[in-house]
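Asks: Based on what follows, work out the 3D shape:
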Amino acid sequence: MPAIHATALGGSGLPRTGVQGISPAVLDPALALELGYSAIEEALRLKASFADVRLEASLDEELTVSGGRYGGADLRSGRGLGVRVLVDGAWGYAAVDEPNRHDIAVTVKRAIELARAAAILQERPVSLIGTEPQRGVFRTPIRRDPFEVPLEEKLALLEKLDGILGAPAKVCSTQATFRAGRVAKIYVSSDGAEVEQELVHVGAELSAVAMDGGERQRRSFPGGGALLVGRGWEAFEGSDLENRAAEVAEDAVALLTAPLCPEGSRTVILGGAELARHLALGLGPLFSLERILGLGPEGGQGTFLVPTDLGNLSLASSIVNVTCDSRRREGPSSQHFDDEGVETDAFDLLTEGRVTGFLSSRETAAQVGLEASQGNMRSAGWEASPRVAPANLLLAPGQDGDLEALVADTKDGVLIDGPQAFSQGPDGRTFFASSEMGWRIESGRRTARVKNPVHRGSVETLWRSCDGIADGADWSLFGLEADGAMPIGVGVAPARFNELAIGSAPARLPRLGERDPLPITGGPSHPAHRLTRPKASKRLPRRDVK
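Replies: Here you go, the predicted model:
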């Protein structure tokens, strides 16, 4: 289902407020509903069999202190309306920023035209599974609005963290970053849904670069982007960011003299941030019915799973249990309704390693015969048509003690953490990952840091080899940006995997041909996996969601 953007037409239908020309993420509910229902009525008048409308207002802030200096601020706002219509069994989507009443008719007409054009080539008409129309309100529970915190207070925190990062003599570059985001959205549909939500998240990212001669090493927290959480400024009050900053700086300096990660097939423990990346970017997307059915954006990533794997395929070892829970408290995008107005709930994707659920929408649920949509439609903004993507993925904690207990139970292996790059084969079956650092494990003890570790292999082989997961003491909820820059909450505890191919990253990764093996230095006795390219309505009473 391609996301088609209409030309922004301008207007003044949504109110402009705020200071210095920046509009906070607010909507006038009465005006927004008027515009939304006008769009629905126009779509039905033009013979759409279904129509829905999202009105969104967003505000994003990013502040940086680098090397003891103010590194800049980025404050972005946006507001717009997106119309999705179903005509002759095909979708059409169009969007407009700052809409007024005139813009509504033009935008709806554009969506109708796109749907009729798509219907010419549509092989199978779209049908939507029935759902109870929802009418409710949800807001991320916060104690202190991050956008109302004085700039001086934010910069004071960043300056303190940046100072800790730059304390060691060999650290040559530092950066401490604060992020905050808010999106207010109202959704209405022709079958009676009317939902209002306001989602807020904050985040931080720390990094330090150490240099000695020609050697340069970077260490960051959490690695691979900012640590995002669905809370207000209170998330930073009493946090351990100062300790994290000290650890980042210490690791960066220590890596200058650390040996390269050993090569071969070994037992590997993946730390929390590293495993969160595998779950968000490697395993989770495989369960999207949009990908399974080939309905995703053109050229998008695929999956080797098929509908008949439900209840039949053992994708991981029996200790692996994965849940999708869009309501998980403190997830950066946790919500009670998806972008089709479907009420969300928790459900299992993997139960004792077996595939027991898929990520779905109303369309994909109908196509494979599910009883209902699981409420996994999400959009990257008002200008984008929604897609199937999870809000939160959670790996259940194990019963093998904390991280140090896993280390103590490992005779010979490597602990890897600090994610950098991650890539997959076109069908999601193989992966390649590079990381910032690791620890050599010998006789149940961490003996030395190792630098530039990489690991690669098959997703199935990786998860089927999992023989230990740390317990709740080391379980953490990470917030990452994945799948089109949409924030996703990922809950994991460190886990251990057997016979994983590891090595060290070369100074420059080689250019890959279509069927070249995944890059990993050395290891000729461990053949690399090869990648191949696969060919208006009754109004119901509203309720507040607590």
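
Asks: What's the separation between the nearest residue to residue 142 once chain neighbours are set aside and residue 477?
Replies: Of all residues not flanking residue 142 in the chain, residue 232 sits nearest, at 3.2 Å (Cβ to Cβ, 6 or more residues apart in numbering). To be clear about C-beta, it is placed using only N, CA and C from the backbone, and glycine gets the same treatment. For residue 232, the distance to residue 477 equals 16 Å [Cβ to Cβ, to the nearest Å].

Asks: ditto for residue 454
Replies: Shown here: residue 454 relative to residue 477, a distance of 26 Å by Cβ to Cβ.

Asks: and the two? which has more neighbours close in?
Replies: With neighbours defined as other Cβ atoms under 10 Å, residue 454 and residue 477 compare such that residue 454 has more, 25 against 22.

Asks: residues in contact with residue 434?
Replies: 420-422, 452-454, 505 (Cβ atoms under 8 Å, 6 or more residues apart in numbering).

Asks: Which members of these are classed as buried?
Replies: Neighbour-count burial (16 or more other Cβ atoms under 10 Å) is assigned, among the contacts of residue 434, to 420, 422, 452-454, 505.

Asks: ok, so of those residues, who is nearest residue 31?
Replies: Using Cβ to Cβ, the shortest approach to residue 31 within those belongs to residue 422, at 42.8 Å.

Asks: Quickly list what the closest one is bridged to.
Replies: Taking DSSP bridges, one obtains residue 433 as the residues bridged to residue 422.

Asks: how about stretch 108-118: buried residues?
Replies: Of all the residues in stretch 108-118, those buried under the rule 16+ other Cβ under 10 Å are 108-112, 114-116, 118.

Asks: Out of these, which sit inside helices?
Replies: 108-112, 114-116, 118 (DSSP state H).

Asks: Tell me where the stretch 51-200 of the chain has strands.
Replies: With DSSP state E, counting those that start in this stretch as the criterion, the stretch 51-200 of the chain has strands at 69-87, 90-97, 135-139, 171-189, 194-212.

Asks: next SSE after the last one?
Replies: Following strand 194-212 in sequence order, the next helix or strand is strand 215-221 (DSSP states H and E).

Asks: what about residue 465, neighbour count?
Replies: Residue 465 is surrounded by 18 other residues when neighbours are defined as other Cβ under 10 Å.

Asks: thinking again about what came up before, out of the strands of the stretch 51-200 of the chain, flag the one nearest residue 304.
Replies: Go through the strands of the stretch 51-200 of the chain one by one with Cβ to Cβ and the one that ends up closest to residue 304 is strand 90-97, at 25.9 Å.

Asks: so what's residue 346 up against?
Replies: 323-328.

Asks: Give me the subset of these that lies in strands.
Replies: Filtering the contacts of residue 346 for membership in strands, criterion DSSP state E, returns 323-325.

Asks: Going by distance to residue 89, which of the residues you listed wins?
Replies: residue 324 (28.6 Å).

Asks: Find the nearest non-adjacent residue to the closest one, please.
Replies: The spatial neighbour of residue 324 that comes closest, neighbours along the chain excluded (Cβ to Cβ, 6+ apart), is residue 390 at 4.8 Å.

Asks: Pretty sure that neighbour sits against residue 326.
Replies: Yes - Residue 390 is in contact with residue 326 according to Cβ atoms under 8 Å; the separation is 7.3 Å.

Asks: what do the two both touch?
Replies: Common contacts of residue 390 and residue 326, defined by Cβ under 8 Å, 6+ apart, comprise residue 376.

Asks: re the thing from before, for the contacts of residue 346, which one is nearest residue 70?
Replies: Of all these, residue 70 sits closest to residue 328, with 35.1 Å by Cβ to Cβ.

Asks: quick revisit: with neighbour numbers in mind, choose between residue 390 and residue 326.
Replies: Higher neighbour count among residue 390 and residue 326: residue 390, with 29 against 25, using other Cβ under 10 Å.

Asks: any idea how far residue 440 lies from residue 416?
Replies: The separation that residue 440 has from residue 416, given Cβ to Cβ, amounts to 11 Å.

Asks: got it, and residue 455?
Replies: When distances are taken as Cβ to Cβ, residue 455 and residue 416 turn out to be 7 Å apart.

Asks: could I get the strands of the stretch 51-200 of the chain as a markdown table with mean pLDDT, mean neighbour count and distance to residue 378?
Replies: Output for the strands of the stretch 51-200 of the chain, formatted as a markdown table (pLDDT from 0 to 100; neighbours: other Cβ atoms under 10 Å; distance: least, Cβ to Cβ, whole Å):
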| stretch | mean pLDDT | mean neighbour count | distance to residue 378 |
| --- | --- | --- | --- |
| strand 69-87 | 93 | 20 | 13 |
| strand 90-97 | 96 | 24 | 14 |
| strand 135-139 | 96 | 18 | 14 |
| strand 171-189 | 96 | 22 | 11 |
| strand 194-212 | 96 | 23 | 11 |
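
Asks: re earlier: of all the contacts of residue 346, which comes closest to residue 370?
Replies: Taking Cβ to Cβ as the measure, residue 370 sits nearest to residue 324 out of these, at 13.8 Å.

Asks: re earlier: can you redo the ones in helices among the buried residues of stretch 108-118 as TSV with pLDDT?
Replies: Formatted as TSV, the entries for these read as follows, by pLDDT from 0 to 100:
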residue	pLDDT
108	97
109	97
110	97
111	97
112	98
114	97
115	97
116	97
118	94
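
Asks: Provide a list of residues in contact with residue 455.
Replies: Applying Cβ under 8 Å, 6+ apart, one finds that residue 455 lies in contact with 268, 416, 432-433, 435, 500-503, 520.

Asks: any idea how far residue 220 is from the closest residue to residue 128 other than its chain neighbours?
Replies: With sequence-adjacent residues excluded and distances taken as Cβ to Cβ, 6+ apart, residue 128 is closest to residue 362, at 4.3 Å. Distance, residue 362 to residue 220, by Cβ to Cβ: 40 Å.

Asks: now swap in residue 453 and tell me
Replies: Remark: distance between residue 453 and residue 220 (Cβ to Cβ) = 15 Å.

Asks: With residue 185 instead?
Replies: Counting by Cβ to Cβ, the gap between residue 185 and residue 220 amounts to 32 Å.

Asks: Likewise for residue 250?
Replies: Residue 250 sits 13 Å away from residue 220, going by Cβ to Cβ.

Asks: same thing with residue 472?
Replies: According to Cβ to Cβ, residue 472 and residue 220 sit 26 Å apart.

Asks: who does residue 195 bridge with?
Replies: The bridge-partner assignment for residue 195, based on DSSP bridges, gives residue 136, residue 187.

Asks: Does residue 397 touch residue 476 like I think?
Replies: No - contact between residue 397 and residue 476 fails when scored by Cβ under 8 Å: they sit 10.1 Å apart.

Asks: Show me the common contact partners of these two, please.
Replies: If you check residue 397 and residue 476 against Cβ under 8 Å, 6+ apart, the residues they both contact are residue 493.

Asks: Between these two, which is the more surrounded one?
Replies: Neighbour comparison, residue 397 and residue 476: the larger count goes to residue 397, with 18 against 15 (by other Cβ under 10 Å).

Asks: For that one, which residues are in contact?
Replies: The contact partners of residue 397, taken as Cβ under 8 Å, 6+ apart, are 469-472, 474-475, 493.

Asks: again, 7 Å this time
Replies: Shown in contact with residue 397 (Cβ atoms under 7 Å, 6 or more residues apart in numbering): 469-472, 475, 493.
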